[in-house]
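Peer 1: 3D model of this:
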Amino acid sequence: MACSRSLYSTASLLALLLRPTYTSAQSDPLSCADVDCPVLDDTAISNCSVAGTIYPVIGLTSVRTLSGSNVEWTIAVNQSKTGNESLINRAFYLGVESSDVLDSQGQSACSFFFTAPDGGPLFYDPMTSVSTDCTSRDGTGFSNRCISELKSQANKLATSNTAICNSIAQTLQDNPPSSCPWSSGTKVVAVPLTGSSAPRPISAADNQTSNCWPTLPKTNELIPVWTASIYASTEKDTVVRSGTGTTPVMTIFFAAGNNEKSSTELACLRPVDLNDKSVQTMEDGTSGAQGMYGLSHWLVVLGLTLSATLVFT
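Peer 2: The predicted model follows:
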């Protein structure tokens with residue numbers, strides 16, 4: 001019985017950590033429920049296949065470019081297990097109207113991912129979610145002053161040459177504003193979004209294997225920008241942290257000309273455990289079933305396979 005209670009407590013905590021909050025439309029990323037991810041038969045486990053890679057959980061939020069149009073950031077998370085280790089993949093995609101939309105508008109862009117030393121999420125708190133604007137009620141995220149000063153610093157560093165993306169990342173990492181006290185080892189990873197070294201959208205040939213398209217609107221092209229792969233011991237809470245935490249993503253848009261200008265957008269991305277099946281369950285008022293769906297989902301996602309007999313008897 002002691003073992004049963006311990007396993008039940010662990011499982012219940014996992015379900016709680018990954019349950020989305022509903023404080024406002026802007027506080028949480030969108031989810032599989034918003035982009036109609038397929039669901040595995042007889043489960044509430046999402047089955048979003050993108051160019052041959054399957055993701056059971058995603059999160060989406062949009063940012064505004066210099067021209068006032070929106071682009072959509074998506075995080076997609078999956079996991080595999082080998083022995084006592086889990087490999088957590090946190091993939092970041094950018095949804096754009098067309099692959100040359102920024103170039104056609106005379107814009108260049110860089111993206112920056114703020115991560116832990118292992119490439120995992122910068123923010124993780126088992127009781128508080130960081131909002132998409134990177135703030136949180138308990139101070140887990142960035143302060144408003146940090147966000148303002150970080151954007152100001154990035155705008156001053158920006159030029160129309162995306163070859164400087166790595167240099168900007170190094171400055172943000174090593175010399176952030178005093179209001180943004182990075183923890184030791186915090187990394188800033190740069191990926192250019194325009195220019196010859198920028199990643200390209202998923203091709204039509206690769207798209208033939210996709211059964212969902214995790215971006216809005218669905219007419220967007222989808223660009224695989226960067227993936228963080230984190231090895232975590234299944235015997236430690238690093239699996240939960242790596243799978244469920246929050247990664248700040250900064251996007252700098254800049255235009256060259258007589259009046260060179262730039263804008264910096266900061267968004268925090270984390271996976272949200274929600275799809276059409278779990279929404280329907282909640283609308284039906286069967287909260288117990290929803291808990292079972294969310295629990296079984298995340299036990300699979302995080303590789304924590306527990307015996308139903310041990311946990312629930």
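Peer 1: show me the strands in the stretch 101-250 of the chain, by range?
Peer 2: Here the stretch 101-250 of the chain has its strands, by DSSP state E, counting those that start in this stretch, at 108-115, 187-192, 221-233, 247-255.
Peer 1: quick one: the last one to strand 187-192, angle?
Peer 2: Between the axes of strand 247-255 and strand 187-192, defined by axes from the mean of the first three to the mean of the last three Cα atoms, to 10 degrees, the angle is 40 degrees.
Peer 1: counting by contacts, list what strand 247-255 packs against.
Peer 2: Taking 3 or more Cβ pairs under 8 Å, 6 or more residues apart in numbering; DSSP states H and E as contact, the helices and strands that strand 247-255 lies on are strand 70-82, strand 85-96, strand 108-115, helix 144-157, strand 261-269. Where you see a C-beta, it was placed from the backbone N, CA and C, and this is true even at glycine.
Peer 1: so what strands line up beside that strand?
Peer 2: Strand pairing for strand 247-255, using DSSP bridges, gives strand 108-115 (antiparallel), strand 261-269 (antiparallel).
Peer 1: what's the most buried one of the ones you listed?
Peer 2: For these, average neighbour numbers computed from mean count of other Cβ atoms under 10 Å are highest in strand 108-115, which has a mean of 25.
Peer 1: quick check: mean pLDDT of stretch 62-71?
Peer 2: Across stretch 62-71, pLDDT averages out at 92.
Peer 1: one more: stretch 223-230?
Peer 2: According to the model, stretch 223-230 has a mean pLDDT of 97.
Peer 1: mind listing what's buried in it?
Peer 2: Buried residues in stretch 223-230, counted by 16 or more other Cβ atoms under 10 Å: 223, 224, 225, 226, 228, 230.
Peer 1: could you do stretch 60-76 as well?
Peer 2: Neighbour-count burial for stretch 60-76 flags 60, 61, 62, 63, 65, 66, 71, 72, 73, 74, 75, 76 (criterion: 16+ other Cβ under 10 Å).
Peer 1: with distance to residue 267 added, can I get these in TSV?
Peer 2: Shown next, in TSV, are the buried residues of stretch 60-76 (distance: Cβ to Cβ, whole Å):
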residue	distance to residue 267
60	10
61	5
62	8
63	5
65	13
66	16
71	10
72	10
73	6
74	11
75	10
76	15
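Peer 1: which one among the residues you listed gets closest to residue 164?
Peer 2: Checking these against residue 164 with Cβ to Cβ, the nearest one is residue 66 at 17.1 Å.
Peer 1: what sits closest to that closest one if chain neighbours are left out?
Peer 2: residue 253 (4.5 Å; Cβ to Cβ, 6 or more residues apart in numbering).
Peer 1: next one: residue 137
Peer 2: Nearest non-adjacent residue to residue 137, counting by Cβ to Cβ, 6+ apart: residue 128, 6.3 Å away.
Peer 1: and for the one you found, the neighbour number?
Peer 2: If you count neighbours by other Cβ atoms under 10 Å, residue 128 ends up with 15.
Peer 1: ok so, going back, as a markdown table, the buried residues of stretch 223-230 with distance to residue 167 would be great.
Peer 2: Formatted as a markdown table, the buried residues of stretch 223-230 follow (distance: Cβ to Cβ, whole Å):
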| residue | distance to residue 167 |
| --- | --- |
| 223 | 23 |
| 224 | 24 |
| 225 | 19 |
| 226 | 18 |
| 228 | 21 |
| 230 | 26 |
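Peer 1: which members of these are the farthest-apart pair?
Peer 2: Spanning the widest gap among these are 223 and 230, at 21.9 Å by Cβ to Cβ.
Peer 1: for the nearest residue to residue 168 once chain neighbours are set aside, give its distance to residue 226.
Peer 2: Spatially, and ignoring its direct neighbours in sequence, residue 168 is nearest to residue 157 (4.7 Å; Cβ to Cβ, 6+ apart). Separation of residue 157 from residue 226 (Cβ to Cβ, to the nearest Å) stands at 20 Å.
Peer 1: for residue 72, same thing?
Peer 2: From residue 72 across to residue 226, the span is 15 Å (Cβ to Cβ).
Peer 1: hang on, the earlier thing: show me the one of the helices and strands packed on strand 247-255 that comes nearest residue 277.
Peer 2: Closest approach to residue 277 among these is made by strand 70-82 (18.2 Å; Cβ to Cβ).
Peer 1: let me know the angle separating that closest one from strand 247-255.
Peer 2: Using the same axes, to 10 degrees: strand 70-82 against strand 247-255 is 140 degrees.
Peer 1: neighbouring strands of strand 70-82 in the sheet, and parallel or not?
Peer 2: If you go by DSSP bridges, strand 70-82 pairs up with strand 57-64 (antiparallel), strand 85-96 (antiparallel).
Peer 1: chain center to it, what's the gap?
Peer 2: Its chain's average C-alpha position is 6 Å from that of strand 70-82, according to Cα atoms, centre = their mean, to the nearest Å.
Peer 1: relative to strand 221-233, how tilted is it?
Peer 2: 30 degrees.
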